[in-house]
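>>> Got a predicted model here, sequence first, then my questions.
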Amino acid sequence: MAATPDFTPAELVRYRRQILLEEVGLAGQARLAAGRVLVVGAGGLGSPAALYLAAAGVGTLGIADFDRVELHNLHRQLLHDDRALGEPKVASAARRLQGTNPEIEIVTHGDGITPANAVALFSQYDVIVDGTDNFTARYLNNDAAFFARRPLVHGSVFKFEGQVTVFDPARGGPCGRCLFPEPPPAGSVPGCAEAGVLGAVCGVVGSLQAIEALKLLVGAGDTLHGRLLTYNALRPAFSCLALSADPACPLCGRTPRITSVSTATVTGPTCAPVPMPPSDATYPLEVTVQEARHLHLADPTRVQIVDVREAFELAICRLDGAEHIPMREIPERVETLPRDRHLLILCHSGGRSRRVTDFLRARGLSAVSNIAGGIDAWAREIDPSLRRY
């Protein structure tokens with residue numbers, strides 16, 4: 001690649017204010033043009049990250065996502081708009097990004113990232129930006145980036161907070177498993193669908209991810225390699241914590257036990273354990289939505305669905321016959337719950353209901369089961385007329 005590439009007059013106008021930066025210049029802009037970045041997840045984090053990467057002139061921008069655009073996405077996923085509802089996210093994203101910068105190549109990966117394709121796909125790119133929102137995907141992306149020897153720009157958000165770092169063990173830094181070797185127990189950590197998130201916080205974190213990817217491509221400044229940047233929008237405050245590689249890490253440590261993506265443990269809150277068949281004496285900790293429906297229809301006198309969502313959520317969608325007790329009222333209602341019925345606890349996606357299930361079992365109610373996936377899974381797998389959110 002030439003030190004002073006032959007940019008067209010239009011390209012010089014488009015990138016002029018960026019080229020003026022001493023740390024970028026024509027040579028840095030040429031590195032961006034030759035660069036390949038894969039954004040995994042065209043959602044709250046992937047939207048601002050991809051938009052800024054496209055606008056900056058990254059030559060090849062990959063977008064991996066298997067999902068479709070839904071109404072509840074739009075408050076934070078700015079790649080999409082009302083016209084894209086029901087459309088594959090990669091198609092909506094490609095249209096928006098190509099409109100932002102028609103000079104670059106957009107590559108879509110509509111099957112998303114799977115254990116079967118992750119390492120090979122990551123190897124085709126220079127930098128991976130992780131914009132996913134669940135532990136299953138994050139652990140898979142972390143492990144695949146390690147085996148592909150590619151830097152992974154990690155970002156996550158929770159309510160009013162966010163964090164960003166660069167995992168790059170190929171260059172001596174830590175990987176994600178150095179911090180947390182295994183995913184947390186299913187249902188122990190609520191996601192944005194359960195806890196909520198301020199959309200603009202996604203904008204802050206996704207933009208920071210784009211900055212890290214651009215610095216990696218250009219070779220300018222210090223990246224967040226070995227550091228975790230945290231942001232709290234309510235204070236407001238940023239802080240930066242030092243991270244180091246763990247010699248005992250199961251993935252990148254001295255004696256790793258994870259030797260390929262196929263042998264890695266990538267289960268998390270979105271992967272419910274397989275329930276055991278219920279009996280009069282034993283009730284499964286979790287049931288699928290299909291099993292819950294079958295149990296309730298088979299004997300509604302002995303099975304009760306308890307919906308622990310908030311009242312405003314019931315206004316969006318609800319199940320006929322379910323008893324509504326908001327999660328915050330459960331402790332004071334324990335004594336009023338029937339002991340002679342199998343209680344199936346329902347929330348939006350299974351996080352709150354799992355905590356309620358654990359709470360009730362700890363207080364002596366054994367005939368209590370969590371409905372894995374919540375009403376969101378019910379809408380996807382049983383009744384598509386239910387509005388998803």
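Received, thanks.

>>> How far does stretch 295-313 stretch from one end to the other?
In stretch 295-313, first residue to last residue: 24 Å (C-alpha to C-alpha, to the nearest Å).

>>> domain parsing for this protein?
Following automatic domain parsing, the chain resolves into domains at 35-263, 286-381.

>>> Out of these, which is the most enclosed?
Looking across the domains of the chain with neighbours counted as mean count of other C-beta atoms under 10 Å, the highest average goes to domain 35-263: a mean of 20. For every residue, glycine as well, the C-beta is placed using N, CA and C.

>>> And residue 318, its phi and psi?
The phi/psi pair for residue 318 (degrees, to the nearest 10) reads phi -160, psi 160.

>>> Isn't it up against residue 307?
Yes. Contact criterion C-beta atoms under 8 Å: residue 318 and residue 307 qualify, at 6.8 Å.

>>> dump the residue contacts of residue 174.
Counting by C-beta atoms under 8 Å, 6 or more residues apart in numbering, residue 174 touches 167, 226, 243-246, 249, 252.

>>> can you check residue 172 too?
residue 245.

>>> roughly how far apart are it and residue 14?
36 Å (C-beta to C-beta, to the nearest Å).

>>> so where's the stretch 101-250 of the chain uncertain?
Applying pLDDT under 70 to the stretch 101-250 of the chain flags the ranges 185-191.

>>> Show me where it has its strands.
105-109, 127-130, 152-158, 161-167, 227-232, 237-242 (DSSP state E, counting those that start in this stretch).

>>> And the residue nearest the centre of this structure?
residue 133 (1.2 Å; C-alpha atoms, centre = their mean).

>>> one step back: dump the domains of the chain to a markdown table, plus distance to residue 22.
A markdown table is the format used below for the domains of the chain (distance: least, C-beta to C-beta, whole Å):
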| stretch | distance to residue 22 |
| --- | --- |
| domain 35-263 | 9 |
| domain 286-381 | 48 |
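
>>> Out of those, the one nearest residue 389 is which?
When those are compared by C-beta to C-beta, domain 35-263 sits nearest residue 389, at 4.2 Å.

>>> and that closest one, how far out from the chain's middle?
Centre-to-centre, domain 35-263 and its host chain are 8 Å apart (C-alpha atoms, centre = their mean, to the nearest Å).

>>> State the pair within the contacts of residue 174 that is farthest apart.
Using C-beta to C-beta, the contacts of residue 174 span at most 13.8 Å, a distance reached by 226 and 249.

>>> Please determine how far the residue lying closest to residue 163 once chain neighbours are set aside is located from residue 366.
Spatial nearest neighbour of residue 163, chain neighbours left out: residue 230 (4.7 Å); criterion: C-beta to C-beta, 6 or more residues apart in numbering. For residue 230, the distance to residue 366 (C-beta to C-beta) stands at 41 Å.

>>> Next: residue 336.
Residue 336 is 17 Å from residue 366, where distance means C-beta to C-beta.
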